[in-house]
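In: Test case, fold it:
(chains A, B, C, D, E and F)
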There are 4 protein chains.
Amino acid sequence: MPLMNAKKTRSLDKKTQILRAARSVVMDGGFRELQMNAVAAAAGVAVGTIYRYFSSRAELCAAIVSTTSQREVDVLSGIAVAEGAPSQKVRDAVRTFAARAMRGRRLAYGLIFEPIDPEVENTRLHYRRAIARVFETIIREGIAAGEFRALDVEVAGACLVGAFMEGLVGSLAPDTGGEQSREDEIAGAIAELCLAAVALPGNRYLISESAEVGGV
Amino acid sequence: MPLMNAKKTRSLDKKTQILRAARSVVMDGGFRELQMNAVAAAAGVAVGTIYRYFSSRAELCAAIVSTTSQREVDVLSGIAVAEGAPSQKVRDAVRTFAARAMRGRRLAYGLIFEPIDPEVENTRLHYRRAIARVFETIIREGIAAGEFRALDVEVAGACLVGAFMEGLVGSLAPDTGGEQSREDEIAGAIAELCLAAVALPGNRYLISESAEVGGV
Amino acid sequence: MPLMNAKKTRSLDKKTQILRAARSVVMDGGFRELQMNAVAAAAGVAVGTIYRYFSSRAELCAAIVSTTSQREVDVLSGIAVAEGAPSQKVRDAVRTFAARAMRGRRLAYGLIFEPIDPEVENTRLHYRRAIARVFETIIREGIAAGEFRALDVEVAGACLVGAFMEGLVGSLAPDTGGEQSREDEIAGAIAELCLAAVALPGNRYLISESAEVGGV
Amino acid sequence: MPLMNAKKTRSLDKKTQILRAARSVVMDGGFRELQMNAVAAAAGVAVGTIYRYFSSRAELCAAIVSTTSQREVDVLSGIAVAEGAPSQKVRDAVRTFAARAMRGRRLAYGLIFEPIDPEVENTRLHYRRAIARVFETIIREGIAAGEFRALDVEVAGACLVGAFMEGLVGSLAPDTGGEQSREDEIAGAIAELCLAAVALPGNRYLISESAEVGGV
DNA sequence: AATGAATGAGAATTCATTCAT
DNA sequence: AATGAATGAATTCTCATTCAT
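Out: Residues are numbered from 1 along each chain as shown, chains lettered A, B, ... in the order given. Take a look at the predicted model:
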C-alpha cells in the first residue's frame, strides 16, 4: 500500500511536472507553441512519457485549460461567497484576477480567448462560462442588495469578463516591463469601470466624482 | 481601355471571390481552418490561383483581417465623428457593431481576439487598436462634454471593446438561431452597460432607473 | 507571298527575341532561373507565346544550348581550319573562347558543365563534344606536324576543354569586375598552359624558358 | 556509458545510412534528383527521419558535398605532403583521383561542377577550391624544385583540376562499363598531360619522347 | 514505466503547361 | 497569333503519435 501510494504520488508528481512544463510553454508562446517535443524538453521527460499521462495533445491542452482555469474560478468564487458588499466584491474580483493574470498574461488570455483545438473548445468554453458565472453571482447579489441596476445578468457577466480581460491583457499594456505601480493603476481603473458598468448611479461604493476628478 | 477595365474588373472579381471564400472558411472554423486547399475548394479555383492574388497564406490572412476590420472601423468612425451626444454615440456604436457582428460572429471575434500567425499579428493588432481608438475618441469627447467621468481613456476604450465583443460574440448566445428580437435585446443591454461604464452618474442619457426596473 | 514572308520574318524575329531573352536570363542566374514567366517578362511577350515557338521548357533550354554553343563551335572551327601552326591555333582558340566567355561567364559555364534537364542532356553533351572535337582536330594536326606529342587525342581534347573552362569561368576570378588587363593575363596564362599540355618539349612556339622566367 | 555509445553508434549509423542513400541517389541522377522522398525510399526510412539528422534538404546536400569532398581532399593532401618529386605527385594525385572518381563518376563531377542550390554553393566552392589548392601546393613545390615552369599558380591549379575532371568524368568515356585497363590507360594519359602542362620542357620525369612515340 | 527514434499524413508553396478569349 | 489567368502535380518541411527496446 505505501508502495502503491508512493507510485501514485510519483505518478501524480510526474503528471504535475508535465502539466507545469506545458503551462510554461504556453505562457511563453501561446498554445501554438505547445508542441509535444517542446513540452517533453521543458519537463525533462521523453515525449512518450507525456502520452502515458495524457492521451493526446488535445487532452493536454484541455488539462491546462482545466486546471489553470479552475484555480482562477476557485479564487474568484472565494471572493464571491465571502462576506461584504457586492460592489466591493466586483472590485476585489477584478483586482485579484488582474494581479494573477499579469503574471502569465499570455496564458490567461489564451484560456479565455484563444481558440485552440476543436476538441478543447468545450473545455475552454466551460471555464470561460464558469468565470462569467462567478460574476453573475455577484451581480445577482448586487441587484438584490440594491447596489446594482436591474441588468440582464448573463449579459453583464460576460461583458465584465470581456472588459477586464481586454483591459488587462489585450492590446493595452502589452508589456509594461513589470512596472508594478502602473499595473496596479490600470487594474484599479478597470475595476472602477467594471463597477460603474453595473452599479446604480447612486451607489455609495462608487468613487465619488469629486474624489475622482481630484485623483486622476 | 475598356478591355483593360474588363480585365481589371475580372481580376478584382476573382480576388474578391477568393477573399470571400476565405472569409467564409474563417467564419466556419476560425483562422485555423484557413488552409489553402480549403479556400481553393470553397472559391472553386485551383490552389495555384490563390497565389496569383495573394503571395502567401499570411498575406491572405492579413487581407481578411484588413478588409473586414477596415469596414468596421469605417462604420464606427462614421458614428464617432457625426453630430450628437457622446453618450448616444457609444450606444450607436455598440449597437451598430452588434448588428454587423451577429452575422459572422466567428469572424468578428477572430479579428479582434484570435491569434493567427506571427506574421499577421501586426495587422490584427493594428485594427484592434483602431477600433479601440474610435471608442477612445468618443470617450474623450464625452469627458470634455461633461457626460463621462474622467477616465483613463485608453483603458476605457479597451474595456468597452472587450465588453461588447465578449457580450456579443463570446460565450454568450453562441447561436440564437438568428432570432432577431433576442439579439436586439442583448445588443441593447450591452450598449447600456457600456454607456454606464463610462458615464457620469447623473448623465441624463442613461436610461432612467425607474424605467429600467420596470423593464426587466 | 511578301505577306507570308513578312509573317515568317516576324515569327523568326519573335523566336529570336524569346531566345535572346532566355539567354540573358540564364546569363544572370543559370538555368535554374530559366522560368517561363521570367523569360516571358524579359522577352516582353506572354507565356503562351513562348509555347508557340518552343514546345516545352526543355526545348527552349535545348535551343539555348544549341544556338549558343553552335556559335562558339563555329568560331573555334574557323580557327581550326585556318592557315597557321597548330600551336598557334591552340593559343588562339583558347584566347578567343576566353574573350567570348568572359562576357556571359555563367552561360558559357552552364553550356559546358551545368546539368540542366535530362531531356536537354543530349544536346548539351553534343555541343560539349563538338567543342572538344575542334580541339581534337587541332591536336591531330599538331601531332602530324610534329609540334605536339603523340597523345590520345580524345583525352587531350577533353582535358583542354576542361582546363580552360575551369581556368576561365570556374572558381578562378569569379568576377574581376571586368578589369580587362587581368582577364587578358589569365587568358594568356591558360593558353600557354594548354599549349604546354600537348606540345612536344622542343616546340619552338612555346614561350622560351628564359623569357618566361623573366616575365613572371 | 556503453548504452550511450550504443545509442550514439546507432544514430551515426542511421545518419550514415541516410547519407549513403542520398549519395547513391546523387550518383544516379545528380543533385536534381535529390528529393527527400527519393532519399527516404532509398534509405528505407520515412521522410521525417531524414529531418532528424539533417535540418533541411540544403543541409543534406551540403553534407554530401562536405563529407565526400573532404575525403578526396584528404587523400590528395596526403599525396601532396608525402616525400617525392613534385612531378610524380602530380601523376599520383591525378591517378588516385581518377581511380576514386571512376566509381561515382556523376557524384565526383557534381561535387566540382554542378551548381546545386544557392545555399549549398559556398560549401561546394569551398571544397572545389580546396582540391585546387592541393594542386597549387604541389605546383609551388615543383616550381621551387626547378621541375615546373614559373606559372601563375592559381591559374594552373584550376586548370589542372578542370583538365582531369573533364578528362575523367566529363564527356569522355561516359561509361566504359568498368573495363579496368581502359580506365587505367585514360587515367595515365590524363596524368601525363597534366604533368606536361606544368613541367619544364627538360623535366626528366616526363615520359621520354622516343618511348612515347613508340607507345601510341 | 520510460524512452526517443521513427513514422507519415498533411500543409504551404512553386512553376511548367494549357486553353478560353 | 497572342494573351495571361488558371491549373494541379510535385516538392519541402512539420509535428502528433506510435512502438520497440
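In: So stretch A:108-116, near chain B or not?
Out: Yes. Counting by C-beta under 8 Å from any C-beta of the partner chain, chain B has neighbours in stretch A:108-116: A:110, A:113-115. (Glycine included, C-beta is placed from N, CA and C.)
In: Now go through those residues and say which are in helices.
Out: Secondary structure assignment by DSSP state H places residue A:110 of those in helices.
In: Kindly provide the distance from the residue lying closest to residue A:113 once chain neighbours are set aside to chain D.
Out: Once flanking residues are discounted, residue A:113 sits nearest to residue B:113: 4.4 Å by C-beta to C-beta, 6 or more residues apart in numbering or on different chains. Counting by C-beta to the nearest C-beta, to the nearest Å, the gap from residue B:113 to chain D is 34 Å.
In: And residue A:164, by the same measure?
Out: Taking C-beta to the nearest C-beta, one finds residue A:164 at 44 Å from chain D.
In: A strand includes that residue, no?
Out: No. Per DSSP: H, G, I helix; E, B strand; the rest coil, residue A:164 lies outside any strand segment and is helix.
In: ok, it touching residue A:94?
Out: Yes. Using C-beta atoms under 8 Å, residue A:164 is in contact with residue A:94, at 5.0 Å.
In: picking up where we left off before, the residue nearest to residue A:113 and residue D:32, how far apart?
Out: Noted for residue B:113: a distance of 47 Å to residue D:32, by C-beta to C-beta, to the nearest Å.
In: Those two: who's more crowded?
Out: residue B:113 (23 against 15; other C-beta atoms under 10 Å in any protein chain shown).
In: got a list of what that one touches?
Out: Neighbouring residues of residue B:113 by C-beta atoms under 8 Å, 6 or more residues apart in numbering or on different chains: A:113-114, B:165.
In: next one: phi and psi at it?
Out: phi -110, psi -40 (degrees, to the nearest 10).
In: export the residues of stretch A:108-116 next to chain B to JSON lines and tack on pLDDT?
Out: Shown next, in JSON lines, are those (pLDDT from 0 to 100):
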{"residue": "A:110", "pLDDT": "79"}
{"residue": "A:113", "pLDDT": "76"}
{"residue": "A:114", "pLDDT": "78"}
{"residue": "A:115", "pLDDT": "78"}
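In: out of the residues of stretch A:108-116 next to chain B, which one sits closest to residue A:194?
Out: Residue A:194 has its nearest neighbour among those in residue A:113, at 17.5 Å by C-beta to C-beta.
In: Does the host helix or strand of residue A:52 reach DNA strand F?
Out: Using DSSP states H and E, residue A:52 sits in helix A:47-53. Yes. Using C-beta under 7 Å from any atom of the strand, we find that helix A:47-53 touches DNA strand F at A:47-48, A:51.
In: For DNA strand F, state which of the residues you listed is nearest.
Out: Closest approach to DNA strand F among the residues of helix A:47-53 next to DNA strand F (C-beta to the nearest atom of the strand): residue A:48, at 3.4 Å.
In: residues touching that closest one, list them.
Out: By C-beta under 8 Å, 6+ apart, the contact set of residue A:48 is empty.
In: Ok, residue A:99 next?
Out: residue A:187.
In: And the pLDDT for it?
Out: Turning to residue A:99, the model gives it a pLDDT of 82.
In: swap in the one 3 residues further on?
Out: At residue A:102, the pLDDT value in this model is 77.
In: Please give the element, helix or strand, for the nearest residue to it once chain neighbours are set aside.
Out: Nearest non-adjacent residue to residue A:102, counting by C-beta to C-beta, 6+ apart: residue A:183, 5.4 Å away. Element membership of residue A:183, judged by DSSP H and E, is helix A:180-198.
In: Identify the contacts common to residue A:164 and residue A:94.
Out: Here residue A:164 and residue A:94 have A:190-191, A:194 as joint contacts, going by C-beta under 8 Å, 6+ apart.
In: before we move on, back to that, ok, so of the contacts of residue B:113, who is nearest DNA strand E?
Out: Closest to DNA strand E, out of all of the contacts of residue B:113 and judged by C-beta to the nearest atom of the strand, is residue A:114, at 18.4 Å.
In: Outline the domain layout of chain A.
Out: If you go by automatic domain parsing, the domain ranges for chain A are A:1-54, A:57-207.
In: Please, where are all the strands along chain A?
Out: Along chain A, counting by DSSP state E, no stretch forms strands.
In: Okay, now the unreliable bits of it?
Out: For chain A, residues meeting the criterion pLDDT under 70 lie at A:1-12, A:169-180, A:208-216.
In: Let's see that with 50 instead.
Out: Within chain A, the segments meeting pLDDT under 50 span A:1-4, A:6, A:171-174, A:209-216.
In: quick one: the helices in it?
Out: Using DSSP H, helices in chain A cover A:2-29, A:36-43, A:47-53, A:57-81, A:86-102, A:105-112, A:118-144, A:153-169, A:180-198, A:209-215.
In: tilt between the fifth one and helix A:57-81?
Out: The directions of helix A:86-102 and helix A:57-81 differ by 150 degrees, with axes from the mean of the first three to the mean of the last three C-alpha atoms, to 10 degrees as the criterion.
In: Count the residues that sit near residue A:129.
Out: Neighbours of residue A:129 using other C-beta under 10 Å come to 18.
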